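1. my questions concern the predicted model and sequence given below.
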Amino acid sequence: MTVSKAFWKITAKNIGTIITYSIILIMFGSMNMSGNSTTVEYEAVRPNIVVFNHDEERGITKKFLDYLGENADIAEGYEDDDELKDALFYEQVSVVVDIPENYSQDLTFGRKPELRLRSSAGYVAEVSKAMIRRFVTTAESYAALSLSENVIVEKLDNALKTDVKVEVRGAVDASRYAKATRYFSFANYSILACVITIICLIMTSFNRQTIKKRNLVGGIDIRKMNRILLRNSCIYSALVWLLYVVVGFIVIGAESLLNMHGLLYVSNAFVFCIFATTLAYFISSFVTNTGAVNGIMNVVALGSSFLCGAFVPAEYLPEGVLAFAHVLPSYYYIDANNKIMLLENDNFDAIWPVLLNILIVLCSSVVVVIITNIISKKRQKIA
């Protein structure tokens, strides 16, 4: 009972921290949501595509260039890479296609050369990539029959003349779920900050040498004390999760969360709270100075939020940053929120990618627990 009282007493003393990060979540979450459109429109457009051809303009390559010219507007004058990146960012260009050397020859012999594609965000870019995939898939299918290049070009000409009508069914209300996505993704920072700060402050207080010696003299069972601390830490993390879910209902609106999407959002946040709790225990296993807690928390919470797309959408981050972000559980938490936004139905096949991300975060929690236990046992042996 004494341990529990001390736990909640320290929590109460730091209630200002919880309130501060909650206000930040409300302010920036609402700010991110204010610019969302309330309507979703679809229109027929010819996408702008930039092509860099490193192959000879003949055979399959020439047919590919003709195909692109028939179905898109080929943009020119983008020799500068920075200018091209800006064009992709502002969606002035939907896709950049790099055709490698010997593309036509390699494709004819069934080697499946890879086209390098860079795309902007949005459905126009997705339609453009689908159009390119149609050509590549068709060409590779004919090449697999060991046909000559001229015959492949002739068959491509006949096959690609067939118009394919694409019908969009069950369009997602982007304005509705984009709000929830931005809120719960930004919560990555608030959850980590609240959970790590409070739990680390409590654990470092109990891990002080003077407190440890007093507990040993008083005959307190250390294992029992640790179990009580763990139980109360889990309760505290659950309360943080519940607080942010309630705030989410107020800020976002109950109509957007009282459905399958909402259940996935709050479940994803709950599992991430579990990870934050295990991470806090890991940090407290080697941090003994309460003054260092805020510094470490800022590195972890701010760093993961910037790198994984909580503050800036992932599609606008450099490829190198995103490659590194894949090792951080925050990436999978935020990516799951983005996947939830795009769900069109609630069958298992559609939900599975979201569940896989949640499972990765949960497995990360288990890994952190194992590492923390190993460190704790080694420290006990040294002591």
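-> Good, I have the coordinates.

2. in the longest helix seen in the chain, what's buried?
-> Criterion DSSP state H: the longest helix present in the chain is helix 348-382. Buried positions in helix 348-382, judged by neighbour count with 16 or more other Cβ atoms under 10 Å: Ile351, Val354, Asn357, Ile358, Ile360, Val361, Ser364, Ser365, Val368, Val369, Thr372. Yep, even glycine has a C-beta here, placed from its N, CA and C like the rest.

3. so the fourth one is in contact with Ala269, correct?
-> No. Assessed by Cβ atoms under 8 Å, Ile358 is found out of contact with Ala269, at 10.0 Å.

4. phi first, then psi, for Val51.
-> phi -120, psi 130 (degrees, to the nearest 10).

5. show me the contacts for it.
-> Contacts for Val51 (Cβ atoms under 8 Å, 6 or more residues apart in numbering) come out as Leu65, Leu68, Ile74, Val96, Val97, Ile99.

6. what does Tyr142 give?
-> Counting by Cβ under 8 Å, 6+ apart, the residues that Tyr142 touches are Val151, Ile152, Lys155, Leu156.

7. among those residues, name the ones in strands.
-> If you go by DSSP state E, these have nothing in strands.

8. mind checking which of those are buried?
-> Ile152, Lys155, Leu156.

9. just send the residues you listed back as JSON lines, with pLDDT and distance to Ile49 too.
-> Listed next are the buried ones among the contacts of Tyr142 as JSON lines, based on pLDDT from 0 to 100; distance: Cβ to Cβ, whole Å:
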{"residue": "Ile152", "pLDDT": "88", "distance to Ile49": "22"}
{"residue": "Lys155", "pLDDT": "85", "distance to Ile49": "24"}
{"residue": "Leu156", "pLDDT": "86", "distance to Ile49": "18"}
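
10. need the residues you listed in TSV with distance to Ala254, can you?
-> TSV is the format used below for the buried ones among the contacts of Tyr142 (distance: Cβ to Cβ, whole Å):
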residue	distance to Ala254
Ile152	57
Lys155	56
Leu156	53
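
11. quick one: which of these is nearest to Ala180?
-> For the buried ones among the contacts of Tyr142, the closest approach to Ala180 (Cβ to Cβ) belongs to Leu156, at 44.2 Å.

12. if we ignore the residues flanking it in sequence, what's nearest that closest one?
-> Spatially, and ignoring its direct neighbours in sequence, Leu156 is nearest to Lys63 (5.5 Å; Cβ to Cβ, 6 or more residues apart in numbering).

13. can I get the strand or helix carrying that neighbour as CSV, trimmed to CA atoms?
-> Assigned by DSSP states H and E, Lys63 belongs to helix 59-71. Output in CSV follows, covering the C-alpha atoms of helix 59-71 (Å, rounded to 0.1, in the frame of the first residue of the first chain):
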residue,chain,number,x,y,z
GLY,A,59,11.2,-1.7,-80.3
ILE,A,60,9.5,-2.1,-76.9
THR,A,61,11.0,1.1,-75.5
LYS,A,62,9.5,3.2,-78.3
LYS,A,63,6.2,1.4,-77.9
PHE,A,64,6.3,2.2,-74.2
LEU,A,65,7.0,5.9,-74.9
ASP,A,66,4.2,6.1,-77.4
TYR,A,67,1.9,4.4,-74.9
LEU,A,68,2.8,7.0,-72.3
GLY,A,69,2.2,9.8,-74.8
GLU,A,70,-1.2,8.5,-75.6
ASN,A,71,-2.4,8.2,-72.0
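
14. hmm, who's touching it?
-> Counting by Cβ under 8 Å, 6+ apart, residues outside helix 59-71 touching it are 46, 49, 51, 53, 55, 57, 74, 97, 99, 103-105, 107-108, 131-132, 135, 139, 149-150, 152-153, 156-157, 160.

15. can you pull the buried residues of it?
-> Buried, per 16+ other Cβ under 10 Å, within helix 59-71: Gly59, Ile60, Thr61, Lys63, Phe64, Leu65, Tyr67, Leu68, Asn71.

16. domain-wise, how is this structure divided?
-> The chain breaks down by automatic domain parsing into domains covering 2-37+173-382, 48-159.

17. rewinding a little: nearest to Lys339 among the buried residues of helix 59-71?
-> Once Cβ to Cβ is applied, the member of these that ends up nearest Lys339 is Asn71, at 29.0 Å.

18. who are the contact partners of the closest residue to Ser364 other than its chain neighbours?
-> Spatial nearest neighbour of Ser364, chain neighbours left out: Pro329 (4.2 Å); criterion: Cβ to Cβ, 6+ apart. Applying Cβ under 8 Å, 6+ apart to Pro329 gives the contacts Phe272, Phe275, Ile360, Val361, Ser364, Ser365.

19. who does whichever strand or helix holds Thr197 touch, helix- and strand-wise?
-> Element membership for Thr197, per DSSP H and E: helix 174-206. Counting contacts by 3 or more Cβ pairs under 8 Å, 6 or more residues apart in numbering; DSSP states H and E, helix 174-206 is packed against helix 2-13, helix 15-33, helix 222-252, helix 260-284, helix 291-308, helix 329-341.

20. please repeat the previous calculation with a cut-off of 10 Å.
-> helix 2-13, helix 15-33, helix 209-217, helix 222-252, helix 260-284, helix 291-308, helix 329-341 (3 or more Cβ pairs under 10 Å, 6 or more residues apart in numbering; DSSP states H and E).

21. what's the most buried one of the ones you listed?
-> With neighbours taken as mean count of other Cβ atoms under 10 Å, the helices and strands packed on helix 174-206 reach their highest mean count in helix 329-341, at a mean of 25.
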